[in-house]
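**Student:** I need the structure of the sequence given here:
(3 chains)
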Amino acid sequence: MKKIKIIAGITWAFICLILITILFPGLNSFSASAAKLSFMKINPNYTGGEVTKELISASCTLDIRKPVFDGLFRERNRGFVQIDWRGNIPDEIVDTIDYDFDKRPDFCILIDRAKSKTVLDPINSKVMDIIISTPTSYGWAVRVELIK
Amino acid sequence: MADSFILGLSSGSACLASCGMVMFPYLMAGAANVKRIAIDLSLFLFTRLVIYFILATLAWYFGQALLNNQLARNVVPGILYIVFAVMLVRYSISKNLNQECPVKIVKAINNRRLVPIFLGIVNSFGFCPALFIILTKGATQGTLIQSYLAFMAFFIGSSIWFLPLPLAGKIRKKEVLKTIGILATGLAGIIFMIKGITNLVGGIING
Amino acid sequence: MDNALNRAGMKKSFGRSLLYTLPMSLITFMIMTGGRLNFTSPASALAMVVTLLFVNILYFLMHYTGKTDKFRAILFIIFALSLSFTLISKMMAMRNVMSFSQADILECKIPFCHLVIPMMILPAVFTESIIFPGSIIGGFANIASMVVLWLVATLVLGKGFCSWGCFYGGWDDGFSRIRKKPTIKKISEIWKWMPFAVLIMVSLTAALTLIPTYCDWICPFKAVTEFEQVTSVESATKAGIFVSLFVGMVVVLPVMTRKRTQCSFLCPLGAVNTVSNKVTPFTIKVEKKACTECFKCVEVCPLFALSAEGIKEGKVSVFCCKCGKCVDACSKNAIHFGIKGVPAGTMKNFSRNLFLFVSFLFIAVFSSGSIINSLQSFFNLVF
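**Tutor:** Coordinates of the predicted model:
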């Protein structure tokens, strides 16, 4: 029994030696495999949700994302919808957004980029307030708080 | 609701640490089998739930009556959170944690069937700092339902610790779990202290 | 003390030490260069050469002197400093400030750190997603790489990750060595369980709010890396907390106690690594018949892993981070590196050599990136 323990311990130690030796050279392929696991995607509370509609205009593109209400076990009562403006966006943005595509406008948004001022005019009673309005590397992003 | 649940979960451990080992003999007294213990525990928890609903109602009505402007709704709870959180932190690190649990008063009750109900009443009215915090939270909720939900979350968090009580004799490393639970209670106090400071400062700045 | 080390064979001759260093040199050379010798500039070539020499000289000295902790600590502290330097200079180059903006969060540009891992687990199980605004693959410190690195390192080293891997631990390790004697000597044992309480609280709050709360509210190392822009009362409170914790737990307390107080009393990942200490084959063992119960090891242990009662029973607790400080302090070589299953007092040399190879290889390669980067910046500045 004592001998078995010694052999088992030393064997496991040598396996650890091999693991550490191959870890760094193989890191790229191990990470690539790990990245394919089902949970290896960023939570939509951070990514803003998937883009459901792209509205392309002359100068820029408007991305309307899927509303995010994600919670731990089930959807929360409060969430948000993210709107992105990409490309050559004007200094003043005025848009009316229908985020649920029911052909009725949900809110109007006015962004004065120079003054970093954003004004939200809710039309739909589920639209609450602006959570984030910020310049990004691709243009501008706004998150508007919603209730279910 | 998340913070209420966490408050209940973390303070329930300290509550169990001080009161659990007193309640356990009562639960196990007499011809205690699994069914008997389950019934006693259910009565105990149900009584706690009823008391909490009463407290939630009272807290909310007091809140509506006294906290009737935006400033009061931020500043007063902010101060109360800080005070009770300090008490909770002190409670968790107090050397007198093994002091008399109020449940011991139940010794006076002779009726075996009433013991779990009286245990529930006395435990609920223990008025530990965690309960003061949840009372403050209940008072600041917008609707009565929200106050109930906050107390419910607190109740669920704290009750989890009582569920394995019948198996207490079989759990090893009780001292370590007790220590971790008490430290977690202190941390919950710190969370509410920060919440209180944020509320207070935010309330003062925003008028 | 040197005689004791000599007898036990920990200290090796020059030739033998060189021989032991040779495989380490070859492997570190291959891994760091990727087998190619094309450098972007003379500064990068010099930085690589200096780093290779530096780490291998340290490894050589570990064998030549028979001491572990001193040389480990040098690399560990330099790793922490160089990583902070690398991160801060990257941020200053990109944004001109140490803080990250809301845009950085929205665009998931935050470098991932292994301290997030305990908070990720419950949300990953229930929501099948990672609650961190970083990149899964590609870029600097991506999530997949960091998770793989930590997973393997913690399986192999257990809580040894805290002394041979964590790129923040060098901060409080460094500060704990400033004074020769502690000003606070007596610390209650109860506090060493605090990381478990922190782990429970941050795991729960992270799961319920889907925000990595330790990173968001607590992590003291934001003071030396990056932090959220202060734009509100909440973000100002967060800044106050992490600055206070850095000053208190990473600087002041380690200086006063000569212990790694942040690691011992706060870090939730340390609590998780304590569990993996059960899995690793490497451990510290006490040879009872050689032990004179002077308890010098208990005095020097930076993580409260040793106690007088434990030493009398020949036991080392799960809090042991295998830094080697106790081994170096023991004049009788009674406390030594060991392998589980191998009785205490036997195969000391073999166990130490094997452990050192594994642990040093990890830290040498893991730290090389930031050390090379820092040296390159220095050489670019100077030359």
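**Student:** just list the residues touching C:A334, thanks.
**Tutor:** C:286-288, C:290-292 (CB atoms under 8 Å, 6 or more residues apart in numbering or on different chains). For every residue, glycine as well, the C-beta is placed using N, CA and C.
**Student:** name the nearest of those residues relative to chain B.
**Tutor:** C:V286 (21.7 Å; CB to the nearest CB).
**Student:** which residue lies nearest the spatial centre of chain A?
**Tutor:** A:T47 (0.4 Å; CA atoms, centre = their mean).
**Student:** regarding chain C, what is its longest helix?
**Tutor:** Counting by DSSP state H, the longest helix found in chain C is helix C:348-382.
**Student:** buried ones in that one?
**Tutor:** Within helix C:348-382, the residues scored as buried using 16 or more other CB atoms under 10 Å in any protein chain shown are C:348, C:350-377, C:379.
**Student:** just stretch A:109-129 next, same as before
**Tutor:** Quick answer for stretch A:109-129 (16+ other CB under 10 Å): A:109, A:111, A:113, A:118, A:120, A:122, A:124, A:126-128.
**Student:** of the residues you listed, which pair is most distant in space?
**Tutor:** A:R113 and A:K126 (26.9 Å; CB to CB).
**Student:** next one: the residue nearest to A:P44 when sequence neighbours are not counted from A:K148, what distance?
**Tutor:** Once flanking residues are discounted, A:P44 sits nearest to A:V68: 4.6 Å by CB to CB, 6 or more residues apart in numbering or on different chains. Distance from A:V68 to A:K148, counting by CB to CB, to the nearest Å: 11 Å.
**Student:** before we move on, what about B:I205?
**Tutor:** In terms of CB to CB, B:I205 sits 31 Å off from A:K148.
**Student:** ok, A:L120 next?
**Tutor:** For A:L120 relative to A:K148 (CB to CB), the value is 18 Å.
**Student:** so which helix or strand of chain B has the lowest pLDDT on average?
**Tutor:** Scoring the helices and strands of chain B by mean pLDDT, DSSP states H and E places helix B:21-28 at the bottom, with a mean of 54.
**Student:** just after it, pick out the following helix or strand.
**Tutor:** Following helix B:21-28 in sequence order, the next helix or strand is helix B:34-66 (DSSP states H and E).
**Student:** which positions within the helix or strand just after that next one qualify as buried?
**Tutor:** Next along the chain after helix B:34-66, taking DSSP H and E as the criterion, comes helix B:70-93. Residues B:73-89, B:91-92 are the ones in helix B:70-93 that count as buried (16+ other CB under 10 Å).
**Student:** about what we covered before: mind checking how far the longest helix of chain C is from the chain centre?
**Tutor:** Relative to its chain's centre, helix C:348-382 lies at 12 Å (CA atoms, centre = their mean, to the nearest Å).
**Student:** what does stretch C:84-92 give?
**Tutor:** 19 Å.
**Student:** likewise stretch C:221-230?
**Tutor:** Distance, centroid of stretch C:221-230 to centroid of chain: 20 Å (CA atoms, centre = their mean).
**Student:** give me the low-pLDDT residue ranges for the stretch 151-300 of chain C?
**Tutor:** Within the stretch 151-300 of chain C, no range satisfies pLDDT under 70.
**Student:** before we move on, what about chain B?
**Tutor:** B:13-34, B:70, B:91, B:93-113, B:122, B:126-127, B:164-174, B:206-207.
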